[in-house]
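**Student:** Dropping a prediction and its sequence here:
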Amino acid sequence: MKLGLIGGGNIGQFLLQRVNGDKVIKDTQIVALFTRNQSTAKEITSKFGVANYETMQDLIDSDVDAVVEAATVEVVQEFAATILSSGKDLILSSVGALADADFYSELEAICHKVGTRIYLPSGAVGGLDILKAARSNGDLASVSITTTKPPHALANAPKDELTVIFDGSATEAIKLFPKNINVSIILSLAGLGTDKTKVKIISDPNATKNSHTIDATGAFGKLSLAIENDPMPSNPKTSYLAALSVLATLKNKDELIRVG
Ligand SMILES: NC(=O)C1=CN([C@@H]2O[C@H](COP(=O)(O)OP(=O)(O)OC[C@H]3O[C@@H](n4cnc5c(N)ncnc54)[C@H](OP(=O)(O)O)[C@@H]3O)[C@@H](O)[C@H]2O)C=CC1
Ligand SMILES: O=C([O-])CC(=O)C(=O)O
């Protein structure tokens, strides 16, 4: 499989190292890159042997089979429809873009018409299997997530005291923190939707990890899941697990026997 990559940052460079450098996925290579910073693009192209495209359309017109996004919510909003319409599958890191129900429906309609698929990795959290199973019978009653990060991993967070900087719905959370709370949208999509998924974001000056606590209730019983994520060294906002989950999605994309 030939992959195109959007975004040469933290997750993008991790994928380049594992897929192209270490060849961890048989018969799969990242062959094309579209990113913003052209000096980073030059370094990446010479280190990993990918072609750099200065416009998204040029990448779409290339012979890639699928496109992996590791950029921003805005980039997904701008380019997802064109990519899917061109017949290429899309694997997203910035899943927060799908919080907008109209945008979600628009992309779903394109996939239906063209026969393409969107893959949404679990990101920096887990428990999606439990939410999906509970929801399948209409028995999921509540879902909430509390995210705690150090102030330097959040936007405009107070530096010296533990502060709840957001308390509300996932719908509002992703608008205010598009680089921090994609996790609330993957939980919403697996569970009760963005309006009913409750989100709390805490800035903790003593935190060294990106922690997420997920609570859910329903006819199945009660879920309580706490994860303490090590941040990526190159971008403290992003947990290492988020990058691993994209790699796992690529590895499992065409699997014949599906787990979960
Ligand atoms: N689903 C989840 O659980 C998680 C999702 N994420 C999300 O994944 C995404 C990637 O994360 P990460 O790799 O850490 O982010 P980085 O900031 O490290 O990298 C983003 C890359 O995208 C590039 N970029 C930004 N804007 C554009 C644009 N308009 N056109 C082309 N390229 C662009 C940046 O270029 P430049 O160098 O010029 O800035 C940079 O190379 C983010 O949206 C993040 O919020 C992160 C963690 C968890
Ligand atoms: O990486 C994390 O811990 C969570 C994150 O940034 C996001 O969901 O956007």
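**Tutor:** Nice, I can see it. Numbering: from 1, shown residues only. Ligands and ions are numbered 1, 2, ... in the order given.
**Student:** Need the pLDDT of residue 51.
**Tutor:** Turning to residue 51, the model gives it a pLDDT of 98.
**Student:** got a list of what the residue nearest to residue 27 when sequence neighbours are not counted touches?
**Tutor:** Distances taken as CB to CB, 6 or more residues apart in numbering put residue 1 closest to residue 27, at 6.5 Å, once the chain neighbours are dropped. Just so you know, the C-beta spots here come from the backbone N, C-alpha and C atoms, and that holds for glycine as well. Applying CB atoms under 8 Å, 6 or more residues apart in numbering to residue 1 gives the contacts 27-29, 65-66, 253-254.
**Student:** Could you do residue 122 as well?
**Tutor:** Residue 122 touches 128, 186, 245, counting by CB under 8 Å, 6+ apart.
**Student:** Who is the residue lying closest to residue 55 once chain neighbours are set aside paired with across the strands?
**Tutor:** Leaving aside its sequence neighbours, residue 55 sits nearest to residue 34 (CB to CB, 6+ apart; 7.4 Å). Here residue 34 sits in beta bridges with residue 6, as judged by DSSP bridges.
**Student:** what about residue 34, how many neighbours?
**Tutor:** Other residues lying near residue 34 total 26 when counted by other CB atoms under 10 Å.
**Student:** before we move on, the earlier item: in strands, which of the contacts of residue 1 fall?
**Tutor:** Among the contacts of residue 1, the ones falling in strands (DSSP state E) are 29, 66.
**Student:** Return the two entries of the contacts of residue 1 that lie farthest from one another.
**Tutor:** 29 and 254 (14.8 Å; CB to CB).
**Student:** Settle it for me: which of the two has more neighbours?
**Tutor:** Taking neighbours as other CB under 10 Å, residue 29 and residue 254 compare with residue 29 leading, 16 against 9.
**Student:** partner residues bridging the more buried one?
**Tutor:** Counting by DSSP bridges, residue 29 is bridged to residue 2.
**Student:** Any figure for the gap between it and residue 154?
**Tutor:** 35 Å (CB to CB, to the nearest Å).
**Student:** Same check on residue 44?
**Tutor:** Going from residue 44 to residue 154 by CB to CB gives 28 Å.
**Student:** And residue 132, by the same measure?
**Tutor:** According to CB to CB, residue 132 and residue 154 sit 29 Å apart.
**Student:** before we move on, the earlier item: near ligand 1, list only the ones from the contacts of residue 122.
**Tutor:** Within the set of those, contact with ligand 1 (CB under 6 Å from any ligand atom) is found for residue 186.
**Student:** Quick one: which of the contacts of residue 122 is the most crowded by neighbours?
**Tutor:** Among the contacts of residue 122, residue 186 has the most neighbours (other CB under 10 Å), with 26 neighbours.
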